[in-house]
Every structure is written in structure tokens, then in C-alpha cells.
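Engineer: Pasting the sequence and the predicted coordinates here, then a few questions.
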Amino acid sequence: PAGSKPGDGTRWTIEPNPGSWLETTDLVFVDPIGTGYSRPTRAEYGAEFYQTRGDAESVAEFIRVYRTRFDALDAPLFLAGESYGVTRAAGVAAALETRGTEVRGVILLGLALPLGSMSPAMQTALGLPSLAVAAFTNGKLAPDLQRDLAATMKQAESWATAVYAGALARRDSLGAAERDSIVRGVSRFTGLDPALVDRKTLTVDRMQLGNYLLRREGKFIGQYDTRMLGPLDTTQVPYDPTKDPSLQNLLDDVTVLRYLRTELGYRSDLRYQVPFGGGYPPPTAFRGDCMSVKWKRVPGDSVAGERALEQAIRLNPTLRVLSGCGIYDLLCDYYGNVWSASHLEEA
């Protein structure tokens, strides 16, 4: 019901999902080791799973066992992953193809792997159009940019690739006039005061946009959906995603528990481990998801995901990839996906 949220005493009802894929395919949702109810059989085994390679290999092994037990060896196999699941899906595809298991397709949602060759300057520039969409959505652009979203997106995309990326690549050698021009351009497409643009790096980041675009109104912009607004908390250091207005009413572990216990008949008193860690880590530390507080992340994990996907495609040239990213999502640069797909080198 409108204005209510899980846990506030409102009676909720379950209704059919008109967009469900179940009419055309079976869906199998997997909680990898360390998420949901999945645990290593011994705590000391955790290190084998809480890293990119072990995580991918363990999920690939689960898929093999599942297909064997349920006699689904001939069923076409598609992998879908969201957020860190994008890196996981790429790694699992490579693991399966290496084992001789054909993967028909990989669906990557909400995060762009750095596919193909992309400089740091270009990667930064490609994030600007998402900031422009956020500013447009919240009515903070100049009148000429506030008329038509599609036209504004095209202008932001063009400026980002034709002007901004080049300036970022040689920012240390820019003259004062050139630097001023870029600062004005960033301000124009983000709706932020030029004083908020770092004159050395010539950038603003998504958290600056979230904290400052609607600061006078006392509102914070959702990082996962810039159409969602919440009260600005000037004491919140560091950022806590559990309080993000675009996630706040979605991080509900009660509904999934009821589904597992009532609909599926699986009852466990273990804690169902959900994103962002619940009560741990304490508020003085970044409340990241389990990937950031438990996994052994190493520099280049996203690049490893790119290489894994490339390996899978080389092993199986018929494998198809669908990458999706919402234009209102500040954690996934939609134009980065578009630009990458149009600049991939032929195998």
C-alpha cells in the first residue's frame, strides 16, 4: 500500500508479477557461500570462497550439481548477475566454458565491466551523463537543458566524449582559461555550483551530487535511483547505504524469510545474511555489503571479470551478452555501457 513499508504493521498481499520470466524459463536463484543461508561447512574454509576465483568456481560447481540432480543437462543455460554478480557471472561463465559446459548467454545488470580499452580519463568522463540525468530529474539544470531529457542526455554524452575526456587526459597541462571552461561545463551538466568542482581533478562525484544538489531543500538524492529523495543527514559519516532513499524500503529480509519458510517449506534459525551487513560493521565504519567487509578483494577484480568474460566468449563464440543499466542509477554509468559496447575490438 502507498506510504507504507514492510514491518510497519500494514497487511501486505502477494500478487503475480506481470514481468516475470517464468512463462518462458525456469529461474534458479543462488545464494553463494557467505550470503543467505549459505555457509562454508567449517569457518576455516571461508577463505577458499571469499575471493573472486573461489567464488566463481564454487557457483559453477553448484550449477553442475543442480543440472545433474534435476536432469537439466540439455536445458539452455543463461547466467544473470547484478551488482557484484556482474563480476561473478563473468567468472562463472568462464569456469563453465572451461569445463566444457555451454553457456548460451550472460545477463549483466547494474554494473559495467570495463570491457575493451578505456582510459581512466574516458571512464570518468562517461559518468557525467548520469549526473546530468540526476540534475535534470530534480529540476536543477539551466532552462535550455531542462526542456527535453533525451536532448540533454545527447548533449551531455557529446560533451563528455568530445571535450571532457580529452581535457581530463591532459588536465595537468591545461591553462587557466581551459580549466575554467571545463569547470563551467561540469557545473552546467551537473547543476552544481562551480565551487564544488575540484579544480585540480576537474571532477565531482556521485556523493557530492547526492549531498549538494538539493542541499538547500534539505534533501539527499538516492544513489541507486536519483528519482528517490530523502532527508539530508549532515551528520552521516560515512555514507550508509541502508539509509539511502532508493534502497530503504527494499532491504527487507522478513519477506524472503516468510517466502522460504511458508512457500518453500525451508525452515532454518540461521540468520539470513542480506546485503550491507545488518548491524555489523558498526556505524563508524563504512556499512558496505558482504563483498566489501568479508571478501578478499584485490585491485583489478573488475578487470579480472572482463578477462573472464573475454575468455568465455573466445571458448564459445556463440555466447551472447546483455548488459543493462538504468539511467537513474549513479552506481552504474549507463553511457559507459553504451560507449563500451560500440567500441569493442573484434575477436
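Structural biologist: Okay, I see it. Numbers count the residues shown, from 1 in each chain.

Engineer: For the chain, which segments are assigned as helices?
Structural biologist: With helices called from DSSP state H, the chain shows them at 46-49, 52-69, 84-98, 120-125, 128-137, 149-159, 165-169, 176-190, 206-212, 253-258, 290-293, 301-315, 334-342.

Engineer: between those helices, which one is nearest to Pro32?
Structural biologist: helix 52-69 (5.4 Å; Cβ to Cβ). Where you see a C-beta, it was placed from the backbone N, CA and C, and this is true even at glycine.

Engineer: Now do the closest one: which elements does it pack against?
Structural biologist: helix 46-49, helix 84-98, helix 301-315 (3 or more Cβ pairs under 8 Å, 6 or more residues apart in numbering; DSSP states H and E).

Engineer: I'd like those helices as a markdown table, with mean neighbour count and mean pLDDT appended.
Structural biologist: Listed next are the helices and strands packed on helix 52-69 as a markdown table, based on neighbours: other Cβ atoms under 10 Å; pLDDT from 0 to 100:
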| stretch | mean neighbour count | mean pLDDT |
| --- | --- | --- |
| helix 46-49 | 16 | 90 |
| helix 84-98 | 25 | 93 |
| helix 301-315 | 19 | 81 |
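
Engineer: how about the ones you listed in JSON lines, adding distance to Leu251?
Structural biologist: Putting the helices and strands packed on helix 52-69 into JSON lines (distance: least, Cβ to Cβ, whole Å) gives the following:
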{"stretch": "helix 46-49", "distance to Leu251": "23"}
{"stretch": "helix 84-98", "distance to Leu251": "16"}
{"stretch": "helix 301-315", "distance to Leu251": "24"}
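
Engineer: The ones you listed: which one's closest to Thr25?
Structural biologist: With distances scored as Cβ to Cβ, the stretch of the helices and strands packed on helix 52-69 nearest to Thr25 is helix 84-98 (15.9 Å).

Engineer: Residues contacting that closest one, please?
Structural biologist: The contact list for helix 84-98 (Cβ atoms under 8 Å, 6 or more residues apart in numbering) reads 32, 52-53, 55-57, 59-60, 63-64, 77, 79-81, 102-103, 106-113, 289, 291, 301-302, 304-306, 308-309, 311-312, 315-316, 319.

Engineer: So among those residues, which ones count as buried?
Structural biologist: 32, 52, 55-57, 59-60, 63, 77, 79-81, 103, 106-113, 289, 291, 301-302, 304-306, 308-309, 311-312, 315-316, 319 (16 or more other Cβ atoms under 10 Å).

Engineer: Give me the pLDDT for Met291.
Structural biologist: On pLDDT, Met291 comes in at 61.

Engineer: Point out where the chain drops to low pLDDT.
Structural biologist: Under the criterion pLDDT under 70, the flagged ranges of the chain are 1-12, 112-117, 236, 276-293, 297-304, 346-347.

Engineer: Of the helices and strands packed on helix 52-69, which is nearest Gln273?
Structural biologist: Closest to Gln273 of the helices and strands packed on helix 52-69, according to Cβ to Cβ: helix 46-49, at 12.5 Å.

Engineer: what's that closest one packed up against?
Structural biologist: Packing partners of helix 46-49 (3+ Cβ pairs under 8 Å, 6+ apart): helix 52-69.

Engineer: Report the angle between the helix it packs on and helix 84-98.
Structural biologist: For helix 52-69 against helix 84-98, the angle by axes from the mean of the first three to the mean of the last three Cα atoms, to 10 degrees is 60 degrees.

Engineer: Dump the C-alpha coordinates for helix 52-69 into CSV.
Structural biologist: Extracted C-alpha coordinates of helix 52-69, given in CSV (Å, rounded to 0.1, in the frame of the first residue of the first chain):
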residue,chain,number,x,y,z
THR,A,52,36.9,-13.9,-6.8
ARG,A,53,38.2,-17.1,-8.2
GLY,A,54,36.9,-19.4,-5.5
ASP,A,55,33.5,-17.7,-5.5
ALA,A,56,33.1,-18.2,-9.3
GLU,A,57,34.3,-21.8,-9.2
SER,A,58,32.0,-22.7,-6.3
VAL,A,59,29.0,-21.3,-8.1
ALA,A,60,30.0,-23.1,-11.3
GLU,A,61,30.1,-26.4,-9.3
PHE,A,62,26.7,-25.7,-7.8
ILE,A,63,25.3,-25.3,-11.3
ARG,A,64,26.9,-28.6,-12.4
VAL,A,65,25.4,-30.5,-9.4
TYR,A,66,22.0,-28.8,-9.8
ARG,A,67,21.7,-29.7,-13.5
THR,A,68,22.8,-33.2,-12.8
ARG,A,69,20.3,-33.9,-10.0
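
Engineer: Appreciated, that's everything.
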